[in-house]
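Engineer: give the three-dimensional model of this entry:
(chains A and B)
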Amino acid sequence: MAIVLETVNLVKRFGGIVATNDVSLKVEAGARHALIGPNGAGKTTIINQLTGVLAQTSGKILLEGEDISHLSPHARVRRGIARTFQINQLFLELTPVETLGLAVSERLGHGGDWWRRVGSNPQVMEEVAELLERFRLTDVMNERTDVLAYGKQRMLEIALAIACKPRVLLLDEPAAGVPDSERQDILSAVAELPKDVTVLLIEHDMDLVFSFADRISVLVNGALFVEGKPDEVARDPRVKAVYLGEEAHV
Amino acid sequence: MIKTPTSFSVTRSLIGRSHWHPLEIVFWVAAFSTIWLFPTKYLILTEIAWLALFALSLDLILGYAGIVSLGHAAFFGVGAYTAALLAKHEIINEPVLALIVAGLVASAVGFVTSFLVLRGTDLTRIMVTLGVALVLRELANQNGWLTGGADGLQGVTMQPILGRFRFDMFGHNGYVYCLTVLFVLFLLARRIVNSPFGLSLQSIKNNPLRASAIGINVNLRLVAIYTIAAGYAGIAGALLAQTQAFASLAYFDFERSADLLMVLVIGGTGYLYGGLIGAIVFKFMQDYLSVWTPQYWPFWIGLLLVLIVLVGRERITGWTRPIRELASKLDWRAARKDGA
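Structural biologist: Numbering: from 1, shown residues only, chains lettered A, B, ... in the order given. Now for the predicted structure:
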C-alpha cells in the first residue's frame, strides 16, 4: 500500500520536555489508523505538528512524499489534511449552514469572493445540504452553534472537517465528552466516513479504537512504542503493562 | 442539478442573510427625507453623516473581524489631509475624484500598517493602533511646510461637486453629498459583509484557530478588511475636510479614535447600523446636552456608556442584540420562512 502521510524523525521540545521523541510514523492510503497512548503521551502534540499549528523542533512531515513541514495550517488544508479538535473549535455565533458553507466555498476557492452574495453558488448549497443530512444536522441548521446540544456540536465538528474533502483526516478524540445518548450517532458518523479518506484517529476509548482501526500505533512519553494490527497490539504484554501501569497510578 | 428540499432551505437561509429588512428601508427613507425635513440642521446632519461613515469603517474591523482599534483616526486624518491638499494645490479639483484618491491613499496606509495588527491580543492591537495614530499626527505636525502644522491646513478652496454643485453656505449640497457617499459605501459594506469573504471574517473573529484549520488564510483576510476599513475612514475624513475646506491635526487625535469607539459601542457592533445609529445618538446628545449643560455633557455620555456596559455585561459590543432579535421578528420575510 502507498504511504499517504509520513513523519520522519519528528521531534518537538518544549524547553526541557521532549513532547515528541523521534517519531517516524507511516500512514497507509485508505487506512483506519489509530494513535493511542496514556494521558500526556503527546498524541495531540503530533496532530498539532501534522496540521501546522505547532512547528516541529526537527524532523520532517511528508504528505504523499512531499515535504509539508513548513507550510502554514491553511496551506496544508488545501493539500488535503483536515482535522477535528479534541475540544470543539467551532464558530459559536454562526449557524451550521453558515459554518459548512464557509468551509465548502473555501475549498472551492470562492472563500475570498467579496462581490458575491453568500448562498449564490448552487454547488456550495448542494454540498452543504448533503453534509447536513449526512451528519443529522438538518433540524438545527439555522440555530446558532452556541445553543446546539453537545452531541450536535460534535457532529458539526466532524462535518466541518469532512467539508474540506480531505485525503487525510485527523480525528482527535471524536467521542470525547459526548453523553451516551448521543454517542451512537458519533460512532456511526465515524464508521461511515468515505473509504477513500485515510483516517488517523486519536482516541482514549478502547472500544472505539478496536472496532474502528485496522492499524494501531502506541505512543508512550512522546515516542512510538508498539505498532501493529489491533489483535497484535491487544496481545502485546508491553502495551498491557503501560495501560495497567497507568491505571495503577490513577 | 437536482434540487433537494434541504439544498433549497440551505440556499434560502444563506441568501436570507442579505435580504433587506423592512426597518432598513424605513431607516434610509428617513435618512434621505432629512434633506427636506430639516433644512436648518444641515451642519449637524453633515457631521452625523461623516461620523456614521467613520464608525461604519470601525465596525468593519471590530464588529466583523474582531480587530479592536484605538487609533482609527490615523486613516481619518490621512484621508482628510489628502483631500484638503489635493484641493488646495489644485491637483484634483473635482471633489468626488479627490474623495476616491483620499480613500485610496488611506487604504495604502492601512495596508502597510495592517501587518502590525495581525498578531497579538486586543491589548497589543490597541497599543499598536494608538501608536500609529500618534506617529502620523506627529509627522503631520513636523512637516508644517506641507500640512500647515499646528495651524491646520488653511486656504483650501473647494470646487463644485461633479463640476455642478457648489458647497453652498447653508450646507445643503454638502449634506446631500455626504449622505449619498455614506449610502453608496454602506451598500458596498453590506455586500462585503454578506459575501463569502464577509462570512469568513466572522469565522476568524469567532475562532481564528479553526478558521485556518478549514483552509482560510486568516492573515490575508485580516489585511484585506483592514485595508478596506482604512479606505472608508479616509473617505470619512475627506468628507469632513471637503465640507469644512480645512484640515487640522485634531483629525488625528486620540480623542477622535476614542469617541469613535464610544459611538460604535453605543450603537452596537456587527450589524452595520450600529455606527450609524451611534453617530445619531452621539451627535444629538452632544448637541442638546451641550446647550443645556455646556461643561458637563460628557457626564451624560459617560453615564450612558456605563449603563450599556451594565446591560451588555461582558458583551458590551453586542448589547443591542436583543433589540435586533426583536426587530428580526418584525420582518415579514422571516415570518413567512417560519410558516413555510
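Engineer: number of residues surrounding the residue of chain A found nearest chain B?
Structural biologist: Proximity of chain A to chain B (Cβ to the nearest Cβ) peaks at A:Gly119, 2.9 Å away. Backbone N, C-alpha and C define where each C-beta goes, glycine included. Other residues near A:Gly119 come to 25 when the count uses other Cβ atoms under 10 Å in any protein chain shown.
Engineer: what separates the residue nearest to it when sequence neighbours are not counted from A:Thr57, distance-wise?
Structural biologist: The shortest distance from A:Gly119 to any non-neighbouring residue, by Cβ to Cβ, 6 or more residues apart in numbering or on different chains, is to B:Leu14 (2.9 Å). From B:Leu14 across to A:Thr57, the span is 43 Å (Cβ to Cβ, to the nearest Å).
Engineer: ok, these two, which is more surrounded?
Structural biologist: Neighbour count, other Cβ under 10 Å: between B:Leu14 and A:Thr57, B:Leu14 has more, with 26 against 14.
Engineer: for the residue in chain B that chain A sits nearest to, give me phi and psi.
Structural biologist: Residue of chain B nearest chain A, by Cβ to the nearest Cβ: B:Leu14 (2.9 Å). Main-chain torsions, B:Leu14, degrees, to the nearest 10: phi -80, psi -50.
Engineer: go on, B:His21?
Structural biologist: Dihedral angles for B:His21 - degrees, to the nearest 10 - are phi -80, psi 140.
Engineer: I figured it hits B:Arg324, correct?
Structural biologist: No: under the criterion of Cβ atoms under 8 Å, B:His21 makes no contact with B:Arg324, lying 9.5 Å away.
Engineer: close to chain A: what parts of the stretch 201-340 of chain B are there?
Structural biologist: B:202-203, B:205-207, B:209-218, B:220-221, B:224 (Cβ under 8 Å from any Cβ of the partner chain).
Engineer: how about the strands in chain A?
Structural biologist: Secondary structure of chain A (DSSP state E): strands located at A:3-14, A:17-23, A:26-28, A:32-36, A:58-63, A:66-67, A:81-83, A:168-172, A:198-202, A:215-220, A:223-228.
Engineer: I'd like to know which elements the first one is packed against.
Structural biologist: When you say that, I think you mean strand A:3-14. Contacts defined by 3 or more Cβ pairs under 8 Å, 6 or more residues apart in numbering or on different chains; DSSP states H and E place strand A:3-14 against strand A:17-23, strand A:26-28, helix A:43-50, strand A:58-63, strand A:198-202.
Engineer: before we move on, back to that, just the buried ones from the residues of the stretch 201-340 of chain B next to chain A?
Structural biologist: Among those, the ones that count as buried by 16 or more other Cβ atoms under 10 Å in any protein chain shown are B:202-203, B:205-207, B:210-218, B:221, B:224.
Engineer: which of those fall within helices?
Structural biologist: B:202-203, B:205-206, B:210-213, B:218, B:221, B:224 (DSSP state H).
Engineer: in JSON lines: the residues you listed, plus pLDDT.
Structural biologist: Below are those laid out as JSON lines (pLDDT from 0 to 100):
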{"residue": "B:Gln202", "pLDDT": "96"}
{"residue": "B:Ser203", "pLDDT": "97"}
{"residue": "B:Lys205", "pLDDT": "95"}
{"residue": "B:Asn206", "pLDDT": "95"}
{"residue": "B:Arg210", "pLDDT": "96"}
{"residue": "B:Ala211", "pLDDT": "97"}
{"residue": "B:Ser212", "pLDDT": "96"}
{"residue": "B:Ala213", "pLDDT": "96"}
{"residue": "B:Val218", "pLDDT": "96"}
{"residue": "B:Arg221", "pLDDT": "97"}
{"residue": "B:Ala224", "pLDDT": "98"}
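Engineer: out of these, the closest to A:Glu127 would be?
Structural biologist: B:Ser203 (17.1 Å; Cβ to Cβ).
Engineer: just checking, that closest one touches B:Ile216?
Structural biologist: Yes: if you go by Cβ under 8 Å, B:Ser203 and B:Ile216 touch, sitting 6.8 Å apart.
Engineer: what is in contact with these two at once?
Structural biologist: Residues touching both B:Ser203 and B:Ile216 (Cβ atoms under 8 Å, 6 or more residues apart in numbering or on different chains) are A:Leu102.
Engineer: so where's the chain uncertain?
Structural biologist: Here I'm looking at chain A. Under the criterion pLDDT under 70, the flagged ranges of chain A are A:1, A:244-250.
Engineer: oops, wrong one, chain B.
Structural biologist: For chain B (pLDDT under 70), the answer is B:1-3, B:313-317, B:331-340.
Engineer: in it, which residue is most central in space?
Structural biologist: Geometric centre of chain B, nearest residue: B:Leu56, 2.4 Å, by Cα atoms, centre = their mean.
Engineer: what sits against it?
Structural biologist: With Cβ under 8 Å, 6+ apart, B:Leu56 has these contacts: B:182, B:185-186, B:189, B:232, B:272, B:275-276.
Engineer: B:Tyr42 reaches B:Val176, doesn't it?
Structural biologist: No: at 9.0 Å, B:Tyr42 does not count as touching B:Val176 under the criterion of Cβ under 8 Å.
Engineer: still on that earlier bit, now the strands of chain A in CSV, with mean neighbour count and distance to B:Phe8?
Structural biologist: Below are those laid out as CSV (neighbours: other Cβ atoms under 10 Å in any protein chain shown; distance: least, Cβ to Cβ, whole Å):
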stretch, mean neighbour count, distance to B:Phe8
strand A:3-14, 18, 37
strand A:17-23, 18, 48
strand A:26-28, 19, 39
strand A:32-36, 25, 35
strand A:58-63, 18, 37
strand A:66-67, 10, 41
strand A:81-83, 28, 27
strand A:168-172, 24, 29
strand A:198-202, 24, 32
strand A:215-220, 22, 42
strand A:223-228, 17, 48
